[in-house]
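# okay, predicted coordinates and the sequence, questions at the end:
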2 protein chains.
Amino acid sequence: MQSNLPHLQSIFTADCVIFGFNEGELKVLLIERNEYPFKDWWGLPGFFVEHNETIDDAVKRILLEHTGLKGIYMEQLYTFGDLKRHPQGRIITVAYYAMLRLEAVNANLKPSTNYVRNAQWHPLNNLPDLAFDHRNIIEKSIEKIRRKVSHSPIAFELLPEKFTLTQLQQLYEAIWDKKLDKRNFRKKMLKYNVLKELDEKQKGVSYRAAKLYKFDKRKYNKIFKNELNFS
Amino acid sequence: MQSNLPHLQSIFTADCVIFGFNEGELKVLLIERNEYPFKDWWGLPGFFVEHNETIDDAVKRILLEHTGLKGIYMEQLYTFGDLKRHPQGRIITVAYYAMLRLEAVNANLKPSTNYVRNAQWHPLNNLPDLAFDHRNIIEKSIEKIRRKVSHSPIAFELLPEKFTLTQLQQLYEAIWDKKLDKRNFRKKMLKYNVLKELDEKQKGVSYRAAKLYKFDKRKYNKIFKNELNFS
DNA sequence: ATATAAGGTGTATTTCTTACACTATTGCTA
DNA sequence: TAGCAATAGTGTAAGAAATACACCTTATAT
């Protein structure tokens, strides 16, 4: 099958776009770079992929080293390869994204590599200047989650385990950047039959406490295997 | 911004998954390889990306050199990076896909590189053994076009410029691998308002000739900019 | 006790989806 | 040239889903 061909290895990076939701805002996880190029700039967690690790493994390792986050399931988004995107030469990057319950991990963001000084959530609509083409990558990610969320209720991953319907609605309003009707939203959500109503209520609010709900993953998997609705 | 960092270049390949539709079947364009590795095997058009070309440009060049096809708009599908996918080492590949009017290009498939001996359409449900992980790439592509076609009527690209509603229905049936109701299908399609009815009929058939339609791209762009339908 | 702030609920209208079967037209051939 | 073969083309009724819309309830703070 092969003659004496040279041995080759792909050199490339992988970047992580991690979305969280808090205080009615979508946020993205950025790191402060401690190494050239773009030393002292903010950017996405991202680094070179090793020769002996899959891309899926690499993004997990990189996210852990850069932010301390572990066990996050990321999906591949797109591969960026503009000629000028990286100052060291044409280096392509494979971007992955994930959405997660922000409040669960808010406190303990701890980089474990010298390449990174600091990891922090930033509101999506108030980002600092970013290294490389990272702003572009984030913009493509937000388009992707908009499309994704419109075909399946994956948005639950951005909420705490127990949440109120109002929180859920605010999340959709943040992703869509538009207001939704409260009654219709609730009707629709409850009809999907993937919410489990709990016997608990919100605490610590100075007004009528709302019922708490959980996302029922078993039912979700049954219903949304086929997420299709055109003809 | 940078100190004295080494100059680097990504080494990687790009592959093309080109779908066509003919005689009621979905087909994919394969090439017969004339070089190691996988000499004499069938595989996707694909090759190394040059250091000074974008990935988007590279797939166009590669498709042209391998098959003679020109001016095809391809979209990025996914980047494959399994450790064992390429016998020369861990070389990742960025896969692109396109759908196109098969009958317009059927005759003149002419490779212009010695790496390729031959280019040919193969029915999707009767593929030969394929080089590398190309079967896997094709499977991921077909899932993608199923999802895509269910959110926007992009399937028109697989039909000749003028087509009958029955041809359109057969195309959807091939993509979905299931039968659809004729009356409901027509009602739905016409309601989208992206078909232009022509003053022409099918020719050369030995039964009642069907009306021909065209895809109205202007209307399409207006309607499907936001292809979203959840809340 | 009252104000404040959000929680929680129903109905009528319109639109979309689905299931379902017969007549019309054309070319071919006996 | 009659009739057969093959596909084109059409409508309706029932159920499901989407939308628009406003008021009372409950908990807390003062």
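Thanks, I have it.
# please enumerate the helices of chain A.
In chain A, the helices defined using DSSP state H lie at A:55-67, A:134-151, A:165-176, A:182-192, A:217-223.
# list the buried residues for the first one?
Think helix A:55-67. For helix A:55-67, a neighbour-count test (16 or more other Cβ atoms under 10 Å in any protein chain shown) marks A:55-56, A:58-60, A:62-67 as buried. Just so you know, the C-beta spots here come from the backbone N, C-alpha and C atoms, and that holds for glycine as well.
# report all helices and strands that it contacts.
strand A:13-22, strand A:25-33, strand A:46-48, strand A:93-100, strand A:116-123 (3 or more Cβ pairs under 8 Å, 6 or more residues apart in numbering or on different chains; DSSP states H and E).
# in TSV, list those strands along with mean pLDDT.
What follows is the helices and strands packed on helix A:55-67, written out as TSV (pLDDT from 0 to 100):
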stretch	mean pLDDT
strand A:13-22	95
strand A:25-33	95
strand A:46-48	98
strand A:93-100	95
strand A:116-123	95
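# looking at the ones you listed, which is closest to residue A:176?
Closest to residue A:176 of these is strand A:25-33 (Cβ to Cβ; 10.6 Å).
# so which elements touch the closest one?
With contacts taken as 3+ Cβ pairs under 8 Å, 6+ apart, strand A:25-33 sits against strand A:13-22, strand A:42-43, helix A:55-67, strand A:116-123, helix A:165-176.
# just these: most buried one?
Mean neighbours per residue, mean count of other Cβ atoms under 10 Å in any protein chain shown, is largest over the helices and strands packed on strand A:25-33 for strand A:13-22, with a mean of 24.
# how about the CA coordinates for that strand, as CSV?
Provided in CSV are the C-alpha atoms of strand A:13-22 (Å, rounded to 0.1, in the frame of the first residue of the first chain):
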residue,chain,number,x,y,z
THR,A,13,-3.6,24.4,17.3
ALA,A,14,-7.0,23.9,19.0
ASP,A,15,-9.1,26.6,20.6
CYS,A,16,-11.9,26.5,23.1
VAL,A,17,-15.0,28.7,23.1
ILE,A,18,-16.8,28.2,26.4
PHE,A,19,-20.1,29.9,26.9
GLY,A,20,-21.7,30.5,30.2
PHE,A,21,-24.8,32.4,31.3
ASN,A,22,-25.1,34.5,34.4
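# the residue lying closest to residue A:87 once chain neighbours are set aside - how many residues pack around it?
Leaving aside its chain neighbours, residue A:87 sits nearest to residue A:37 (4.7 Å; criterion: Cβ to Cβ, 6 or more residues apart in numbering or on different chains). The number of residues packed near residue A:37 is 16, by other Cβ atoms under 10 Å in any protein chain shown.
# same question for residue A:181.
If you count neighbours by other Cβ under 10 Å, residue A:181 ends up with 11.
# now do the one 10 residues further on
In terms of burial, residue A:191 registers 9 neighbours under the definition other Cβ under 10 Å.
# for it, give me its contacts.
Applying Cβ atoms under 8 Å, 6 or more residues apart in numbering or on different chains to residue A:191 gives no contacts.
# how about low-confidence regions in chain A?
A:1-3, A:103-107, A:153, A:222-231 (pLDDT under 70).
# make it 90
Within chain A, the ranges that satisfy pLDDT under 90 run A:1-5, A:22-25, A:71, A:99-109, A:144-160, A:175-178, A:191-194, A:204, A:216-231.
# can you add distance to DNA strand D and give the helices and strands packed on helix A:55-67 back as a markdown table?
Shown next, in a markdown table, are the helices and strands packed on helix A:55-67 (distance: least, Cβ to the nearest atom of the strand, whole Å):
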| stretch | distance to DNA strand D |
| --- | --- |
| strand A:13-22 | 22 |
| strand A:25-33 | 22 |
| strand A:46-48 | 38 |
| strand A:93-100 | 23 |
| strand A:116-123 | 28 |
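# domain ranges for chain A?
Domain assignment for chain A by automatic domain parsing gives A:13-150, A:161-223.
# quick one: terminal-to-terminal distance for the first one?
Using Cα to Cα, to the nearest Å, the end-to-end distance of domain A:13-150 comes to 30 Å.
# correct me if wrong: residue A:24 contacts residue A:166.
No. Using Cβ atoms under 8 Å, residue A:24 makes no contact with residue A:166, being 10.2 Å away.
# buried set for stretch A:91-110?
A:91-102, A:105, A:109.
# same question, stretch A:196-215
For stretch A:196-215, a neighbour-count test (16+ other Cβ under 10 Å) marks A:202, A:212-215 as buried.
# tell me the one of those residues nearest residue A:5?
residue A:215 (50.0 Å).
# so that closest one bridges to which residues?
Following DSSP bridges, residue A:215 is listed with bridge partners residue A:195.
# that one and residue B:77, how far apart?
Between residue A:215 and residue B:77 the computed distance is 30 Å (Cβ to Cβ, to the nearest Å).
# now swap in residue A:18 and tell me
23 Å.
# for residue A:20, same thing?
Taking Cβ to Cβ, one finds residue A:20 at 28 Å from residue B:77.
# what do you get for residue A:149?
Taking Cβ to Cβ, one finds residue A:149 at 21 Å from residue B:77.
# nearest to residue B:160, out of the domains of chain A?
domain A:13-150 (29.5 Å).
# next, the distance between the ends of stretch A:177-188.
Termini of stretch A:177-188 sit 19 Å apart (Cα to Cα).
# please see if it touches DNA strand D.
Yes. Contact of stretch A:177-188 with DNA strand D (Cβ under 7 Å from any atom of the strand) involves A:181-184, A:187-188.
# and the residue of chain A nearest DNA strand D?
Residue of chain A nearest DNA strand D, by Cβ to the nearest atom of the strand: residue A:208 (2.8 Å).
# quick check: residues of chain A near DNA strand D?
Counting by Cβ under 7 Å from any atom of the strand, chain A sits next to DNA strand D at A:181-184, A:187-188, A:191, A:205-209.
# could those residues be laid out in a markdown table, adding distance to DNA strand C?
What follows is these, written out as a markdown table (distance: Cβ to the nearest atom of the strand, whole Å):
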| residue | distance to DNA strand C |
| --- | --- |
| A:181 | 8 |
| A:182 | 5 |
| A:183 | 3 |
| A:184 | 6 |
| A:187 | 7 |
| A:188 | 11 |
| A:191 | 12 |
| A:205 | 7 |
| A:206 | 7 |
| A:207 | 3 |
| A:208 | 4 |
| A:209 | 7 |
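# sounds good, over and out.
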